[in-house]
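Q: Here's my sequence, what's the structure:
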Amino acid sequence: MPKKADKSGATSHPGYEERLRNAPGLAEVLVILKEASATKSEQSRSFFFQALSVLAQKAAATSAASADCKVAAVQQGEWLLESCSKLDGGKPQESAVTSMVRVCCACGAQDKALKLVAEAQAKGVKPRLRTLSAVLLQASEAGDHGLCENVWAQLPSLGLEPQDSEFAIMLRTFRGEPKRFLLRTRPIKVSQFCHVLLGIPTDRIISNQCEVNTLCYGS
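A: From the prediction side, this is the model:
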């Protein structure tokens, strides 16, 4: 059976991509990737992108993975990201970076995820909100308030405005301490806080801004 080729001109074993699509779990995906990385044949650009996406999905769905399995997932992800970046002239694609960030977060490597974002920025790849949202969510679930605050503080400088989902993550993280969170949120419209946490209709927020400020900041 002939090998498949993509726009990069590279070829990949026709069985790998199909096997990845049909892999039931993270362990099976890692077996396929280990086999693919050991082969001498060159893989296609589409293979690396698909493999990163599948790896991120399976890692996120396998909360009970062993420590060794998580380490292996991050290592394979690094190989995939580096390989597809080389095929793009050394500059990683935002979608690939986001997939790798999701792998790191699912495996408890949040600091590594932020390092990847910084490295991608240095190469001219601006992160999207979804990229940092993945780090924010994992840090919140891990109870890492410091990392949550770190990620949140980076959003304005990157020109990224948090949406309801990001507000909800932060509000869950600082449950019982809403004022502590809101004091870091002054540059951003407080209406989102009221809408997400308190269920106050937007029109009431606009017409009662003073009341909202008193409710949120106590002044």
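Q: okay, CA-based contacts and neighbour counts for the rest of this
A: Noted.
Q: for the protein, what spans make up the helices?
A: 14-22, 26-38, 45-61, 67-87, 94-106, 110-122, 129-141, 145-157, 164-173, 178-182, 191-193, 202-207, 209-217 (DSSP state H).
Q: Of those helices, flag the one that's most buried.
A: helix 94-106 (a mean of 25; mean count of other C-alpha atoms under 10 Å).
Q: Compute the inter-axis angle for it and helix 129-141.
A: Relative orientation of helix 94-106 and helix 129-141, computed by axes from the mean of the first three to the mean of the last three C-alpha atoms, to 10 degrees: 0 degrees.
Q: Helix 94-106 - contacts with which helices or strands?
A: Here helix 94-106 touches helix 45-61, helix 67-87, helix 110-122, helix 129-141, going by 3 or more C-alpha pairs under 8 Å, 6 or more residues apart in numbering; DSSP states H and E.
Q: Would you mind giving those as JSON lines with distance to Thr173 and mean pLDDT added?
A: Shown next, in JSON lines, are those (distance: least, C-alpha to C-alpha, whole Å; pLDDT from 0 to 100):
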{"stretch": "helix 45-61", "distance to Thr173": "20", "mean pLDDT": "93"}
{"stretch": "helix 67-87", "distance to Thr173": "25", "mean pLDDT": "94"}
{"stretch": "helix 110-122", "distance to Thr173": "16", "mean pLDDT": "91"}
{"stretch": "helix 129-141", "distance to Thr173": "6", "mean pLDDT": "90"}
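Q: Among these, which comes closest to Glu28?
A: Shortest distance between Glu28 and the helices and strands packed on helix 94-106, using C-alpha to C-alpha, is found for helix 45-61: 9.6 Å.
Q: Can you give the contact residues for the closest one?
A: 6-8, 10, 12, 16-17, 20-21, 25-26, 29, 33, 70, 73, 77, 80-81, 83-84, 87, 96, 99-100, 102-103, 106-107 (C-alpha atoms under 8 Å, 6 or more residues apart in numbering).
Q: tell me how far that helix is from the chain's mean position?
A: In terms of C-alpha atoms, centre = their mean, to the nearest Å, the centre of helix 45-61 is set 13 Å apart from its chain centre.
Q: ditto for stretch 165-174
A: The answer for stretch 165-174 is 16 Å, by C-alpha atoms, centre = their mean.
Q: and if you look at stretch 119-136?
A: That offset, for stretch 119-136, works out to 8 Å (C-alpha atoms, centre = their mean).
Q: so Leu147 touches Glu141, yeah?
A: No: using C-alpha atoms under 8 Å, Leu147 makes no contact with Glu141, being 11.2 Å away.
Q: tell me the domain ranges of the protein?
A: 1-127, 147-219 (automatic domain parsing).
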